[in-house]
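Engineer: return a 3D structure for these sequence lines:
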Amino acid sequence: MKIIRGLQNLTQYQGSVVTIGNFDGVHLGHQNILAQLIKKSKQLNLPAVLISFSPTPQRFFGHEKATLSSFKEKQHLLSELGLDAHLIVHFNQTFSQLTALDFVQKILLDKLNMQHCLIGDDFHFGKDRQGDFALLQTLSKTKGFTLANTPSICHNNTRISSSEIRSLLAQGNLQSAATMLGRAFSITGTVAHGLKNGRTIGFPTINIPIKRKISPVHGIFAVTVELDGTSYQGVCSIGNRPIIGGKKTLLEVFLFDFNREVYGLKVKTTFQHKIREEEDFDDFATLKKQIKIDVSHAKKYFI
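Structural biologist: Numbering: from 1, shown residues only. Reported below is the predicted structural model:
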């Protein structure tokens, strides 16, 4: 999959099939859209292109949300599905003023030579969100492209969406979130040096900085960790570490029966079961007692 960072790096296409969206988490609904897009691209023998915006319009306008996938995680998931290109448009003040008509003409038609567009019937685009499915329907009659809408995919009569999955993760409902994602929720990152407080109380942890502004999960969890092709069980804390006055979100994992230095290695932490919320403790002795209880709960879960 080709990643195109910015309109300035977009060369003119001879033709394409296009969908637009953030695709955070690349959940089952997204996977269904991309399967339809790729099927159409093969029928027309044209590349399948996803257009996303960075930052997202919501973030640009001050409505920051937790993200289900980091940039690298999302690109990996998209490439596995067979997408040909991912165009990432830089969303800034100038771009936010682009009218819906200009967006269609200058980007979708002039640059991408779009022959087919697959989009949700509730999708809005352009200045003041004036563009919608109805506008594209009208334009398709004179601009020479075909149009299809994306049907909602539901689980237990609930539409699968990134916002619904964020809500489920925040509630600790990992099973339903995994069903909507099509996989268990996980975070991939590189092991970094920490403060090493865990060693002093008998629970050394591997520390993984979170490459996202807001994490969709907080608390104490039973987890599995993939490292060098081997899966380990453990218990993790993801939060701000209030006992040391932490402000940055950090993922700390204590692995059972593990004694290796793994700094700099890439690990994938998969969240299996929520044990409790993050708490503040008066001292490390009290924290140590609680960690023993957490480890016991996690081990019972894995039995």
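Engineer: show the contacting residues for residue 128.
Structural biologist: Contact analysis of residue 128 by Cβ atoms under 8 Å, 6 or more residues apart in numbering lists nothing. Backbone N, C-alpha and C define where each C-beta goes, glycine included.
Engineer: can you tell me the closest non-neighbouring residue to residue 220?
Structural biologist: Excluding its sequence neighbours, the residue lying closest to residue 220 (Cβ to Cβ, 6 or more residues apart in numbering) is residue 275, at 4.5 Å.
Engineer: does that neighbour really touch residue 237, like I thought?
Structural biologist: No. In this structure, residue 275 is not within contact of residue 237 by Cβ atoms under 8 Å, at 9.7 Å.
Engineer: and those two? Which one has more around it.
Structural biologist: It is residue 237, of residue 275 and residue 237, that has more neighbours when counted by other Cβ atoms under 10 Å, with 24 against 19.
Engineer: the helix or strand where residue 78 lies: what's the following helix or strand?
Structural biologist: Here residue 78, judged by DSSP states H and E, is contained in helix 71-80. On the C-terminal side of helix 71-80, the closest following helix or strand by DSSP H and E is strand 85-90.
Engineer: packing partners of that following strand?
Structural biologist: Under the contact definition 3 or more Cβ pairs under 8 Å, 6 or more residues apart in numbering; DSSP states H and E, strand 85-90 sits against strand 2-5, strand 48-54.
Engineer: can I get those in TSV with distance to residue 131?
Structural biologist: Supplementary listing: these in TSV, determined by distance: least, Cβ to Cβ, whole Å:
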stretch	distance to residue 131
strand 2-5	21
strand 48-54	13
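Engineer: could you dump those to JSON lines with mean neighbour count?
Structural biologist: Shown next, in JSON lines, are the helices and strands packed on strand 85-90 (neighbours: other Cβ atoms under 10 Å):
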{"stretch": "strand 2-5", "mean neighbour count": "13"}
{"stretch": "strand 48-54", "mean neighbour count": "21"}
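Engineer: thinking again about what came up before, and the residue nearest to residue 220, which of the three is it?
Structural biologist: Classification of residue 275 using DSSP: H, G, I helix; E, B strand; the rest coil returns strand.
Engineer: for residue 190, find the nearest of the helices and strands packed on strand 85-90.
Structural biologist: strand 2-5 (20.2 Å; Cβ to Cβ).
Engineer: which residues does the helix or strand just after the closest one contact?
Structural biologist: Downstream of strand 2-5, the first helix or strand assigned by DSSP H and E is strand 16-20. Here strand 16-20 makes contact (Cβ under 8 Å, 6+ apart) with 33-34, 37, 40-41, 44, 46-52, 85, 108, 112-119, 123, 125, 150.
Engineer: just the buried ones from the residues you listed?
Structural biologist: Burial by neighbour count, 16 or more other Cβ atoms under 10 Å: within the contacts of strand 16-20 this picks out 33-34, 37, 40-41, 46-52, 85, 108, 112-119, 123, 125, 150.
Engineer: mind checking which of the contacts of strand 16-20 land in strands?
Structural biologist: Mapping the contacts of strand 16-20 onto strands (DSSP state E) picks out 48-52, 85, 114-119.
Engineer: count the residues that sit near residue 204.
Structural biologist: Neighbours of residue 204 using other Cβ under 10 Å come to 18.
Engineer: helix, strand, or coil at residue 169?
Structural biologist: Here residue 169 is helix, with the state taken from three-state DSSP.
Engineer: burial measure for it, as a count.
Structural biologist: By other Cβ under 10 Å, the residues close to residue 169 number 24.
Engineer: which residues touch it?
Structural biologist: By Cβ under 8 Å, 6+ apart, the contact list for residue 169 reads 68, 177, 185, 216-217.
Engineer: taking these one by one, which sit in strands?
Structural biologist: Going by DSSP E, the strands hold none of the contacts of residue 169.
Engineer: check what pLDDT residue 260 gets.
Structural biologist: According to the prediction, residue 260 has pLDDT 85.
Engineer: okay, now it: neighbour count?
Structural biologist: 11.
Engineer: show me the contacts for residue 225.
Structural biologist: 206, 231-234, 253, 255, 267-270.
Engineer: if we go to 10 Å?
Structural biologist: Going by Cβ atoms under 10 Å, 6 or more residues apart in numbering, residue 225 touches 186, 191, 206, 208, 231-234, 236, 253, 255, 258, 262, 267-270.
Engineer: so the residue nearest to residue 176 when sequence neighbours are not counted versus residue 87, what's the distance?
Structural biologist: Leaving aside its sequence neighbours, residue 176 sits nearest to residue 168 (Cβ to Cβ, 6+ apart; 5.0 Å). Computed as Cβ to Cβ, to the nearest Å, the residue 168 to residue 87 distance reads 30 Å.
Engineer: ditto for residue 278
Structural biologist: Distance, residue 278 to residue 87, by Cβ to Cβ: 38 Å.
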